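1. coordinates only, sequence not included:
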């Protein structure tokens, strides 16, 4: 992948400071570069005229104090590909401000409530137990396909009303579609793959909506249709865009949470042993996994009015990239931040974002990760685990496509 600095539409006005998030090798291990960025230029103007905020307290201030929007004052979305129309995230709740955001989030929240999480917990337990039964019989597993992808994809498709037979269709679609959030800065071939995925997903959900209108179910698509019937009208295409955005969020981020978390334990067998001996640590362990290696390294906001951060006054319409991966390893906030420590106290990471756009599916993701990681830990006692070759997915997020392991 070429770097965004090569994009002729982006006039160089700043410096990547050795931490170009679009460079081919950045996500292999972004943390040394993020450390340098945070130390050398914590409020950094990039070559594409965006501002990167990399200290924990500064990121928190953007979420909690600054008056922000998801779009510029002229209504444009700063990161999106203008050619990307079908299934466009311009109408997705993540790109909306209140009151539109609140309206759309309220409709979706009904299907991602604590009650939903509790109802699905037994099925999650069964899924991870079956995954480990198979892995132990076979002497190994593909961490992503057999666990990190398998569990959340099944749960998310059930929530959305996608039939089990169609689940595999979303493997490539969801990974490719994550790039839409920052597509303006990506190479043409990636932009095209992103647009193609959007069209395919729009086709799928338009068909699914037609089916559900004839026979409503207990899924989120049906709930959105019922909301229309009860007077909370969605604009043309809005229902489909919400479905696309939610299933992507439910797939990709949870794949990353489980996959990156299991990889952290494989790389730190001492921590795996601690969890095996004290499974009650699993709640704190999952929070530490998110702090240590979050699947979303950065997200964005747009300043709705000037805001001073890190001694710099940023203007209205400044595009802010909050570097969550950097904030989560800020030594001013976390002692020994590069250490993976599941006994760490006060793991107040920012992996789920903040403010009104705090991750709507965080309870479901946390529940799935707790069962997946703890089942893996307890069922592999006494085994030596050998890692195979890691491969990254096409996702914009820091999500693996493959990590085979062998049990000995």
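-> Okay, I see it. Just so you know, these numbers come straight off a predicted model, no measurement behind them.

2. mean confidence for stretch 166-174?
-> Averaged over stretch 166-174, pLDDT sits at 89.

3. may I see the buried residues of it?
-> Buried residues in stretch 166-174, counted by 16 or more other Cβ atoms under 10 Å: 167, 170, 171, 172, 173, 174. The way it works is simple: take the backbone N, C-alpha and C, and place the C-beta from them, glycine included.

4. one more: stretch 333-348?
-> By 16+ other Cβ under 10 Å, the buried positions in stretch 333-348 come out as 333, 334, 337, 340, 341, 342, 344, 347.

5. one step back: in helices only, show me the buried residues of stretch 166-174.
-> 170, 171, 172, 173, 174 (DSSP state H).

6. helix, strand, or coil at residue 86?
-> coil (DSSP: H, G, I helix; E, B strand; the rest coil).

7. that one touches residue 197, doesn't it?
-> No. With contacts counted by Cβ atoms under 8 Å, residue 86 stays clear of residue 197, the gap being 10.1 Å.

8. who has more neighbours out of those two?
-> In this view residue 86 and residue 197 are compared by other Cβ atoms under 10 Å, and residue 197 has more residues nearby, 25 against 17.

9. skipping its backbone neighbours, what lies nearest the more buried one in space?
-> Nearest non-adjacent residue to residue 197, counting by Cβ to Cβ, 6 or more residues apart in numbering: residue 176, 3.8 Å away.

10. in a markdown table, list the ones in helices among the buried residues of stretch 166-174 along with distance to residue 382.
-> Formatted as a markdown table, these follow (distance: Cβ to Cβ, whole Å):
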| residue | distance to residue 382 |
| --- | --- |
| 170 | 36 |
| 171 | 33 |
| 172 | 37 |
| 173 | 40 |
| 174 | 36 |
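
11. among the buried residues of stretch 333-348, which two are most distant?
-> Using Cβ to Cβ, these span at most 17.8 Å, a distance reached by 333 and 342.

12. mind listing what's buried in stretch 100-118?
-> For stretch 100-118, by 16+ other Cβ under 10 Å, it's 101, 104, 105, 107, 108, 111, 112, 116, 117.

13. typo on my end, stretch 117-134
-> Across stretch 117-134, burial judged by 16+ other Cβ under 10 Å covers 117, 120, 121, 124, 127, 128, 131, 132.

14. contacts only, for the fourth one.
-> Contacts for residue 124 (Cβ atoms under 8 Å, 6 or more residues apart in numbering) come out as 151, 155, 367, 368, 371, 372.

15. tell me how far it lies from residue 97.
-> 33 Å (Cβ to Cβ, to the nearest Å).

16. what does the second one give?
-> Between residue 120 and residue 97 the distance is 31 Å, computed by Cβ to Cβ.

17. now the last one
-> Using Cβ to Cβ, one obtains 44 Å as the distance from residue 132 to residue 97.

18. could you pull out the strands in the stretch 51-200 of the chain for me?
-> 51-53, 68-69, 140-142 (DSSP state E, counting those that start in this stretch).

19. ugh, wrong one, I meant the stretch 201-350 of the chain
-> Secondary structure of the stretch 201-350 of the chain, counting by DSSP E, counting those that start in this stretch: strands at 298-303, 307-309, 312-314, 319-323.

20. distance to residue 244 added to those strands, as JSON lines?
-> Listed next are those as JSON lines, based on distance: least, Cβ to Cβ, whole Å:
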{"stretch": "strand 298-303", "distance to residue 244": "18"}
{"stretch": "strand 307-309", "distance to residue 244": "32"}
{"stretch": "strand 312-314", "distance to residue 244": "32"}
{"stretch": "strand 319-323", "distance to residue 244": "23"}
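
21. deepest in the core, which of these is it.
-> Most buried of the strands of the stretch 201-350 of the chain by mean neighbour count (mean count of other Cβ atoms under 10 Å) is strand 319-323; its value is a mean of 25.

22. packing partners of it?
-> helix 31-40, strand 51-53, helix 56-64, strand 298-303 (3 or more Cβ pairs under 8 Å, 6 or more residues apart in numbering; DSSP states H and E).

23. give the buried residues for the helix or strand of the chain with the lowest mean pLDDT.
-> Least confident helix or strand of the chain, by mean pLDDT, DSSP states H and E, is helix 220-229 with a mean of 82. Neighbour-count burial for helix 220-229 flags 220, 221, 222, 223, 224, 225, 227 (criterion: 16+ other Cβ under 10 Å).

24. and that helix, what does it pack onto?
-> Secondary-structure packing of helix 220-229 (3+ Cβ pairs under 8 Å, 6+ apart): helix 100-109, helix 150-160, helix 188-214, helix 238-248.

25. residues contacting it, please?
-> 107-108, 110-112, 159-161, 205, 208-209, 212-213, 216, 234, 239, 242-243, 246.

26. report the angle between the axes of it and helix 100-109?
-> For helix 220-229 against helix 100-109, the angle by axes from the mean of the first three to the mean of the last three Cα atoms, to 10 degrees is 120 degrees.

27. which one of the helices and strands packed on helix 220-229 is the most hemmed in?
-> Of all these, helix 238-248 carries the top mean neighbour count, a mean of 24, counting by mean count of other Cβ under 10 Å.

28. list the contacts of that helix.
-> Contacts for helix 238-248 (Cβ under 8 Å, 6+ apart): 87-94, 104, 107-108, 112, 156-157, 160, 162, 170, 174, 177-178, 198, 201-202, 205-206, 208-209, 220-221, 224-225, 228, 234, 360-361.

29. now do that helix: distance to the chain's middle.
-> On the basis of Cα atoms, centre = their mean, to the nearest Å, helix 238-248 sits 15 Å off its chain's mean C-alpha point.

30. since that was my last question, I'll sign off now.
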